[in-house]
Structures are given as structure tokens and as C-alpha cells.
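*Asks:* What shape does this take:
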Amino acid sequence: MSKNARRQSARERVAEERRLQAAKDRQRKLLLGVLGGIAAAAVIVVAVVVAQNNAGQSDQKAVAYTGPLAPTTRQEDGSILMAKEGVTAPTLEIFEDFQCPFCKKLEDSAGDAIYKAAAEGKARVIFRPFQLFQAPAHPEPVPSVSRRGANAALCTPPDKWASYAKTLYANQPVEGQNGFENKDLLNWARDLGFYDAGFDKCVTGLEMGADVDKATEYAQKQKVNSTPTLRLNGKDLTAEQVNELLSTPESLEQILSAK
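*Replies:* Next up is the predicted model:
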């Protein structure tokens, strides 16, 4: 073979090697692209799953009451009595609905003062949660926020009433929006340390619904048509007294001592 032929053959081999190398490079880039796409897709899937999981979780937390507290019991009619032993008067009744914005204002401003007054023996306090926003004779396909809140509160052990009621008001949904979902109602019990299977069943099965209905019927018979309604020794506080209590919790002592 002549020199020219050998040179031609060598150039052809080099060209062939370059062609093969270029093909390998293209295959490698294509493979990396595919793997990159798979990795990106996996990241997207993980992000979606995390987002969905987070959407099912709640950042609403329980609010524990840590102030002075009188012995708390559930009465036969379902109402909650806070009273120091031996205290028989005066009696302050509070008709409330956990969906009521003004009830929330009362709790936020004067709730601690009311609990303290009971703990110091200055009053017997009776809480009467009921369902103002939906008559029990006309149940909705999905129980109302008002009903779910009252039911869960009545499922709560009496000694945890103050904390759970405070929690319901702290997480009260905006009017017209849904709220008090079972997962939240149960999680708040976990936060406060009293969750158990019985509470779970009571909440999810609306087992205190009959007591909520009785409380609502009682409120109607008592001509209670707005919340909060505060009644001292059987007589409704005036709007001025309630407004004063909302703005100046310290006024409670004067209200309770008034003849």
C-alpha cells in the first residue's frame, strides 16, 4: 500500500472514531436530559404531595387557660357550673354560642375575670352554650359551625371547659365561613392533653347533640334571642352593663355586688 493510501486510510479511521465519539456524546446528553427530566418530575410530585399533606393539616392551636379556676361540673341539664364550695349566690348565667362574634369579644375581654370571680367565690357562674344560629327542628345536611362547637364543648371534661371554650373562641371562623372541623376539634383536645377515644367518638358522632337541642329549647323558653345574654340572679344585664364589661372587665365586681 502506498503512503498516500495509508494516509487516506488513517484519516478515514480518525473520522470514523470521531463520528462514533460524537454519537456517544449525543446519547449521553440525551440520557442525562431524560434523567434530569425524571428527577425534576419527581421533585414536582414530592412538592405536590407535601403541599397536599400540609393542606390537610391545621396551624390552629389550642389556648390553655392557666388562671385561677373554681371546681367545674356538668349539671343535669347539660350546663356547666363553676362554683367554689358553699357559694350559692350571686348566680351569673351566660347564654352563648361559639359562632357568635360578640361572645368571642366577651371571652377575649372578660373571660378571665369571670373565671377568677368564680374561683374567688364571688359568684356561681353557669355557662349555657346553645345553638342560636340554627333551630334544631331544621337540621342542615352538614351540622352548622354553631352546633359542632357546642357539641364539642359539651364533650369536653368539665375541668377542661375553660381552656376548650377559650380555644373555640380563639379559633372562631369568620362569619359565613366553615370552621370547627373534626380534625381541629380533636387536635385541640390533644394539645390540651385530654384526647381519648371517647372524646373522638363524642365529637365525630355529635353525641351531645341532644343536650345542645335541650339547651337551645331552654334558651328559647327563656326568651333568649341574642348572644351573649348575661343574667344575674334571673335578671338580664342591661346593654350598658354588658358594654361596660366588654370595655372594662374590672367592672364585673361592681356588677356582681349590685343589689
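
*Asks:* Give the next helix or strand downstream of the least confident helix or strand in the chain by mean pLDDT.
*Replies:* Ranking every helix and strand in the chain by mean pLDDT, DSSP states H and E puts helix 3-55 at the bottom, with a mean of 46. Scanning forward in sequence from helix 3-55 by DSSP states H and E, the next helix or strand is strand 72-74.

*Asks:* In terms of secondary structure, what does that next one contact?
*Replies:* strand 80-82 (3 or more C-beta pairs under 8 Å, 6 or more residues apart in numbering; DSSP states H and E). Any C-beta I mention is one placed from the backbone N, CA and C, and that applies to glycine too.

*Asks:* so how far is W161 from V224?
*Replies:* Using C-beta to C-beta, to the nearest Å, one obtains 20 Å as the distance from V224 to W161.

*Asks:* Which one of those two is surrounded by more residues?
*Replies:* Legend: neighbour count by other C-beta atoms under 10 Å for V224 and W161, higher for W161 (23 against 20).

*Asks:* part of a helix, is that one?
*Replies:* Yes - according to DSSP: H, G, I helix; E, B strand; the rest coil, W161 belongs to a helix.

*Asks:* from what I can see it touches A153, true?
*Replies:* Yes - with contact defined as C-beta atoms under 8 Å, W161 reaches A153; the gap is 7.2 Å.

*Asks:* wait, V203 sits on G149?
*Replies:* No - judged on C-beta under 8 Å, V203 makes no contact with G149 at a distance of 10.6 Å.

*Asks:* Which pLDDT value belongs to G176?
*Replies:* pLDDT, G176: 78.

*Asks:* Ignore what I typed, I meant A258.
*Replies:* Taking A258 on its own, its pLDDT is 82.

*Asks:* ok, the nearest residue to it once chain neighbours are set aside - how many residues close by?
*Replies:* The shortest distance from A258 to any residue other than its chain neighbours is 7.9 Å, reached at L232 (C-beta to C-beta, 6 or more residues apart in numbering). Counted by other C-beta under 10 Å, the residues lying close to L232 total 17.

*Asks:* Bridged to L232, which residues?
*Replies:* L92, K235 (DSSP bridges).

*Asks:* Who are the contact partners of it?
*Replies:* With contact set as C-beta atoms under 8 Å, 6 or more residues apart in numbering, L232 has these partners: 90-93, 255-256, 258.

*Asks:* just the strands in the stretch 101-250 of the chain please.
*Replies:* 124-129, 229-232, 235-236 (DSSP state E, counting those that start in this stretch).

*Asks:* Kindly reformat these as JSON lines containing distance to F98 and mean pLDDT.
*Replies:* Compiled in JSON lines, the strands of the stretch 101-250 of the chain are given as follows (distance: least, C-beta to C-beta, whole Å; pLDDT from 0 to 100):
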{"stretch": "strand 124-129", "distance to F98": "7", "mean pLDDT": "98"}
{"stretch": "strand 229-232", "distance to F98": "14", "mean pLDDT": "98"}
{"stretch": "strand 235-236", "distance to F98": "21", "mean pLDDT": "96"}
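
*Asks:* now the ones you listed as CSV including distance to D77?
*Replies:* Formatted as CSV, those follow (distance: least, C-beta to C-beta, whole Å):
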stretch, distance to D77
strand 124-129, 9
strand 229-232, 15
strand 235-236, 19
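
*Asks:* Highest mean neighbour count across the ones you listed, which stretch is it?
*Replies:* For the strands of the stretch 101-250 of the chain, average neighbour numbers computed from mean count of other C-beta atoms under 10 Å are highest in strand 124-129, which has a mean of 22.
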